[in-house]
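Colleague: Let's see this in three dimensions:
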Amino acid sequence: MDKYRFIKAQLAKTNKKNDENYVITRIWNRLDNLDIKFITQQYVIRPDGKYALTDMYFPQLGIHIEIDEGHHKTNIESDKAREEDIVRVTDHEVKRIDVAKGLISIHQQIEGIVQEIKERLLKEKDKFVPWDIEKEQSPQTYIERGFISLHDNVAFRTIADACNCFGHRYKVWQKGAASHVYEKDTELWFPKLFPNGTWDNSVSEDGIIILERNLDEIENQRYLKGIVDGRIGTRIRPHKRIVFAKVKGPLGDIMYRFKGKYQLNINKSFKSGCIVWERISERVKTYPSR
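Modeller: Residues are numbered from 1 along each chain as shown. Sure, this is the predicted structure:
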């Protein structure tokens, strides 16, 4: 049922985009393989800091599908540059389907991509890892692999699951931050990156900058000084954070999505009057529990 809900949620993203919905649904049905995972509107950070959303993405295969509607004819050069950026950043393939050529051509293009995917699966069957929705949300998966990467699109069901990738053995943990068992200069952080009560946290569109601000100016200044000093009360607050942002998952439930490793920028924090975190890594090392 989790796979069914996930698939429906991905298709629902395209409900108001008729061409995308038709092509993506047909590709998925023609593949007819529940071992393959697909994501719609996949986020990709470009080298210039901007981002792209690809129409359909197969993470196990490293394949993105882009659907070219009529208006793309006037954006040929920008589309080409966008595709080159995606390939350069991800080392993935980008395949295009031109929906302006009519239904028969659309079906032929889809069939070509479907057959290519099926042939690759046969060729790489010994290396292909079937989609396991439970395993991909299990801390043990990433502990055994030794790292978590932003490109994995990792989101855990609970804060405890995320903490357990870094040496903890929690069954439950409900606080907004936790220590890192192995890396003492790093904290685990689980923020709401949107206005919430007295806090107005935000993240830049490219995910590189996180701003942390308290709406009470006196409390904001006290907090800013404490974070810069590395201590609030009796608690040590490191200047590096591994961030899992609280989000609504593809199935509508609350999850904690990996955003990367960030470091406090002291100069920018004092200039802007709020805490400024800058991403320093898209990949972090994981550890077994002690």
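
Colleague: Name the residues of whichever strand or helix holds residue 118 that are buried.
Modeller: Secondary structure assigned from DSSP states H and E places residue 118 in helix 103-123. Neighbour-count burial for helix 103-123, counted by 16 or more other CB atoms under 10 Å, picks out 106, 109-110, 113-114, 117, 120-121. Where C-beta positions appear, they are placed from N, C-alpha and C, glycine not excepted.

Colleague: and the next element down the chain from that helix?
Modeller: By DSSP H and E, the next helix or strand past helix 103-123 is helix 139-145.

Colleague: What are the boundaries of the strands in the stretch 1-150 of the chain?
Modeller: 39-45, 51-58, 63-68, 93-98, 147-149 (DSSP state E, counting those that start in this stretch).

Colleague: Can you identify the element that follows the last one toward the C-terminus?
Modeller: It stands for strand 147-149. Sequence order places strand 155-156 as the next helix or strand after strand 147-149, per DSSP H and E.

Colleague: chain center to that following strand: distance?
Modeller: When distances are taken as CA atoms, centre = their mean, to the nearest Å, strand 155-156 is centred 10 Å away from the chain's centroid.

Colleague: ok so, going back, give the other helices and strands that the helix holding residue 118 contacts.
Modeller: helix 18-31, strand 93-98 (3 or more CB pairs under 8 Å, 6 or more residues apart in numbering; DSSP states H and E).

Colleague: buried residues in stretch 34-43?
Modeller: 36-40, 42.

Colleague: Out of the residues you listed, which is nearest to residue 127?
Modeller: residue 36 (14.2 Å; CB to CB).

Colleague: Go ahead and confirm the closest one touches residue 58.
Modeller: Yes. Counting by CB atoms under 8 Å, residue 36 touches residue 58, with 6.3 Å between them.

Colleague: Spit out the residues that contact those two alike.
Modeller: Listed as contacting both residue 36 and residue 58 by CB atoms under 8 Å, 6 or more residues apart in numbering are residue 117.

Colleague: what's next to the biggest strand by length in the chain, contact-wise?
Modeller: Identified as the longest strand of the chain according to DSSP state E is strand 254-264. Around strand 254-264, the neighbours that count as contacts under CB under 8 Å, 6+ apart are 148, 150, 152-159, 161-162, 186, 190, 203, 207, 210, 227-228, 239-249, 275-284.

Colleague: Doesn't residue 169 lie inside a strand?
Modeller: No. Assignment of residue 169 by DSSP: H, G, I helix; E, B strand; the rest coil gives coil, placing it outside any strand.
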